[in-house]
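*Asks:* How does the following fold in three dimensions:
(one chain, ligands or ions: 1)
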Amino acid sequence: MCAPLPPTTAQIHSLVVHPRARGNGRGERLFLSLEDEAREAGHENALLYVLEGNPARRLYARLGYQVVPTPALPGVPAMLRYPGIAMSKPFPAVLAIAGATPDVARAV
Ligand SMILES: CC(C)(COP(=O)(O)OP(=O)(O)OC[C@H]1O[C@@H](n2cnc3c(N)ncnc32)[C@H](O)[C@@H]1OP(=O)(O)O)[C@@H](O)C(=O)NCCC(=O)NCCS
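*Replies:* Numbers count the residues shown, from 1 in each chain. Sure, this is the predicted structure:
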């Protein structure tokens, strides 16, 4: 399902934290770490799908994801498409600053 997306888009899916470990920030840290990897790999935004009533939507909204139209996937039959709401987050442009640490560059 990832192939028809533009190469600038990283798709994140199937993130699961064990039920006994939820609510302690692990999901958020996993997301931020995945976003860092995606940004370093050259992606400009992240895309995920979430089911309508999934409380994970609150987490995604807090992390800066916004509901977007479901991307057109030419050639992919409707029955194979994910039945959720598409959410996307653009990554801020990272400027190359001589001598700046990655954290400083990321914050610019
Ligand atoms: C989504 C998930 C990975 C988050 O992991 P986590 O370690 O609990 O996440 P964090 O502790 O960083 O953040 C907690 C936030 O997750 C959201 N959340 C997700 N599921 C929730 C649930 N069942 N009950 C309450 N909040 C939930 C809330 O926004 C919550 O923060 P808030 O109460 O301040 O709004 C985890 O709930 C999970 O594995 N869910 C089941 C699988 C799933 O639905 N994955 C997403 C598929 S799109």
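*Asks:* switch to C-alpha atoms for all contacts and neighbour counts from now on
*Replies:* OK.
*Asks:* which ones are touching Val16?
*Replies:* The contact partners of Val16, by C-alpha atoms under 8 Å, 6 or more residues apart in numbering, come to Gly27.
*Asks:* Next, find the distance separating it from Met79.
*Replies:* In this structure, Val16 and Met79 are separated by 24 Å, where distance is defined by C-alpha to C-alpha, to the nearest Å.
*Asks:* contacting residues for the most centrally placed residue in the chain?
*Replies:* Nearest to the mean C-alpha position of the chain, counting by C-alpha atoms, centre = their mean, stands Ala46 at 3.6 Å. Contact analysis of Ala46 by C-alpha under 8 Å, 6+ apart lists 9-12, 35, 38, 88-91.
*Asks:* ChimeraX command for the buried members of those?
*Replies:* Below is the selection syntax for ChimeraX that covers the buried ones among those, with 16 or more other C-alpha atoms under 10 Å defining burial:
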select :9,10,11,12,35,38,88,89,91
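*Asks:* okay, the contacts of Ala46 in CSV with distance to the ligand and secondary structure next?
*Replies:* Compiled in CSV, the contacts of Ala46 are given as follows (distance: C-alpha to the nearest ligand atom, whole Å; DSSP: H, G, I helix; E, B strand; the rest coil):
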residue, distance to the ligand, secondary structure
Thr9, 17, strand
Ala10, 14, strand
Gln11, 11, strand
Ile12, 9, coil
Glu35, 14, helix
Ala38, 18, helix
Ser88, 12, strand
Lys89, 14, strand
Pro90, 18, strand
Phe91, 19, coil
